[in-house]
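# Curious how this folds, go ahead:
(chains A and B)
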2 protein chains.
Amino acid sequence: MGKAKLPQTTIARLPIYLRSLVMLASRGERIVSSDGLAQIAGTNAAQLRKDLSYLGEFGIRGVGYEIDQLINEVSKWLGLLKNRKVVIVGLGRLGGALAGYQGFSEKGFKIVGAFDRDPALVGIEVGGLTIQHIDELDDFVKSVSGGIDIGIIATQAPSAQGVADRMVNAGIKAIINFAPITIDIPNGVVLRQVDLSVELQILSYYLQKV
Amino acid sequence: MGKAKLPQTTIARLPIYLRSLVMLASRGERIVSSDGLAQIAGTNAAQLRKDLSYLGEFGIRGVGYEIDQLINEVSKWLGLLKNRKVVIVGLGRLGGALAGYQGFSEKGFKIVGAFDRDPALVGIEVGGLTIQHIDELDDFVKSVSGGIDIGIIATQAPSAQGVADRMVNAGIKAIINFAPITIDIPNGVVLRQVDLSVELQILSYYLQKV
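Next comes the predicted model:
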């Protein structure tokens, strides 16, 4: 790609900056200061300037960032200018909610396959997709032109590792795990572990002050 | 509380350290090096040592951290040693999934009330709770001894601000918003905005490399 490697913590903040910028643009703003953007994004201006400095030279000293330009640059760095194909495994309550989550498709993440091992769920429609049996995953992934970019695991904890193994074997290179258990993946595959209780724990800290 | 104020970014990492420590403890480990813990938590050792230095003096140079002690300290700092009472508003697919999310109760966050404005949902049971009409929220919050600690918003985007206002008026001091829209809250109330597509965007970055 010819791009520098970004620090992991910077990568994790880029989507937050992007969301903040899109929000400002939707309000009709065209320029934002690093202080202003940092505040919306929940960080400080020094951190923001350092993060954005990895992406190149934007920002006009004493003026700020041009919002449209920065949206475009951050999107480019995050690889968001192309659509991503996503499959989801586990169509219980959480999986069903994720399959219908509007925020995914709006941001270019298109769920193209839904899989479960429960025969009672196979054949049911969710979010415009017909649930397939998990045994079909491998054939399905291989049948999709260009392959599947991301696999979402939304099973119960005991099933998560087995599903991850199936995804890896099918050639999926990026996995998000919503099951409340740590899973192992081989080198060359990237994994994000989502724990919805992290946000509650962060609030718990602040509750001690209010 | 007599505690120093932690940087916002440190606070956000503490739950990740905690989860990593609990995972190590469940494997029977008793000591972990800062390198080892940092790797599991997805950060670097210098950052980890800096974060933990705010909490006090643990860690034995050249040896590492005692896992049980550190779990206890991090939990204490996050205010996790007391149970938290939580209400959830919006019992569509995502709200229903959150109401039944096992990870919350395991970590001391007890969902004690569920509310929706849809008459078709009121009276239905979800996660062991009977859904109440949103108009009952204020009375309910005031009737709970010690009050409600945290309000979860899981409505559609257009309803989120109105629900936040109701929560604030009822005296709730901490809000998590899962609706894909930015909401405003007054000073003295803490807010966490959850966007499930952030994790997909982070993976998207790494997909450019694999």
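
# residue contacts, the closest residue to A:Pro180 other than its chain neighbours?
Spatially, and ignoring its direct neighbours in sequence, A:Pro180 is nearest to B:Gly103 (4.4 Å; C-beta to C-beta, 6 or more residues apart in numbering or on different chains). C-beta coordinates here come from the backbone N, C-alpha and C atoms, glycine included. With contact taken as C-beta atoms under 8 Å, 6 or more residues apart in numbering or on different chains, B:Gly103 is in contact with A:180, A:195-197.

# quick one: secondary structure of B:Gly103?
helix (DSSP: H, G, I helix; E, B strand; the rest coil).

# Please tell me how far it sits from B:Ile131.
21 Å (C-beta to C-beta, to the nearest Å).

# And for A:Gly146?
Relative to B:Ile131, A:Gly146 is positioned 43 Å away (C-beta to C-beta).

# Which one's more surrounded, these two?
Neighbour tally, A:Gly146 and B:Ile131, criterion other C-beta atoms under 10 Å in any protein chain shown: the higher count belongs to B:Ile131, 23 against 7.

# ok, the more buried one touching B:Gly113?
No - with contacts counted by C-beta atoms under 8 Å, B:Ile131 stays clear of B:Gly113, the gap being 9.3 Å.

# Doesn't A:Tyr65 belong to a helix?
No - assigned with three-state DSSP, A:Tyr65 falls outside any helix and is strand.

# How about the contacts made by it?
Contacts of A:Tyr65 by C-beta under 8 Å, 6+ apart are A:31-34, A:37, A:52, A:58-59.

# between the longest helix along chain A and helix B:8-26, how big is the angle?
As assigned by DSSP state H, the longest helix anywhere in chain A is helix A:8-26. Going by axes from the mean of the first three to the mean of the last three C-alpha atoms, to 10 degrees, helix A:8-26 is angled at 130 degrees with respect to helix B:8-26.

# Now do helix A:8-26: which elements does it pack against?
helix A:34-41, helix A:45-53, helix A:67-77, helix B:197-207 (3 or more C-beta pairs under 8 Å, 6 or more residues apart in numbering or on different chains; DSSP states H and E).

# in that helix, what counts as buried?
For helix A:8-26, a neighbour-count test (16 or more other C-beta atoms under 10 Å in any protein chain shown) marks A:10-22, A:24 as buried.

# Pop the domain breakdown of chain A in here.
Split into domains by automatic domain parsing, chain A comes to A:8-77, A:84-197.

# Grab the CA positions of stretch A:122-138 and hand them over as CSV.
C-alpha atoms of stretch A:122-138 as CSV (Å, rounded to 0.1, in the frame of the first residue of the first chain):
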residue,chain,number,x,y,z
VAL,A,122,-31.9,-22.4,9.4
GLY,A,123,-34.2,-21.1,6.6
ILE,A,124,-35.5,-18.2,8.6
GLU,A,125,-35.0,-14.7,7.2
VAL,A,126,-33.2,-12.1,9.2
GLY,A,127,-32.1,-8.6,7.9
GLY,A,128,-33.0,-9.7,4.4
LEU,A,129,-30.9,-12.8,4.5
THR,A,130,-31.9,-16.5,4.8
ILE,A,131,-30.0,-18.2,7.7
GLN,A,132,-27.9,-21.1,6.4
HIS,A,133,-26.5,-24.0,8.3
ILE,A,134,-23.0,-23.5,9.6
ASP,A,135,-21.8,-26.5,7.6
GLU,A,136,-22.5,-24.4,4.5
LEU,A,137,-20.0,-21.7,5.6
ASP,A,138,-16.9,-23.0,3.8
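
# quick one, what contacts A:Pro15?
A:78, B:195, B:197-198, B:201-202.

# quick one on the thing from earlier: now the next helix or strand after the longest helix of chain A, how far from the centre of its chain.
Once helix A:8-26 ends, the next helix or strand along the chain (criterion: DSSP states H and E) is strand A:31-32. Computed by C-alpha atoms, centre = their mean, to the nearest Å, the separation of strand A:31-32 from the middle of its chain amounts to 26 Å.

# can you name the farthest residue from the center of chain A?
In chain A, the residue that sits farthest from the middle, by C-alpha atoms, centre = their mean, is A:Gly62; the gap is 33.1 Å.

# Tell me the spacing between that residue and chain B.
Between A:Gly62 and chain B the computed distance is 26 Å (C-beta to the nearest C-beta, to the nearest Å).

# Show me what the longest strand belonging to chain A pairs with in its sheet, parallel or antiparallel.
Using DSSP state E, we find that the single longest strand of chain A is strand A:109-116. Sheet pairing of strand A:109-116 (DSSP bridges) gives strand A:84-89 (parallel), strand A:132-133 (parallel).

# Next, the angle helix B:197-207 makes with that strand.
Interaxial angle, strand A:109-116 versus helix B:197-207 (the same axes, to 10 degrees): 100 degrees.

# List the neighbouring strands of the helix or strand just after strand A:109-116 plus their orientation.
With elements assigned by DSSP H and E, the helix or strand that comes after strand A:109-116 is strand A:125-126. If you go by DSSP bridges, strand A:125-126 pairs up with strand A:129-130 (antiparallel).

# tell me how far the strand it pairs with is from the chain's mean position?
Centre to centre, stretch against its chain (C-alpha atoms, centre = their mean), the figure for strand A:129-130 is 22 Å.

# now swap in stretch A:122-132 and tell me
Worked out by C-alpha atoms, centre = their mean, stretch A:122-132 lies 22 Å from the chain centre.

# ok, now stretch A:43-50?
22 Å.
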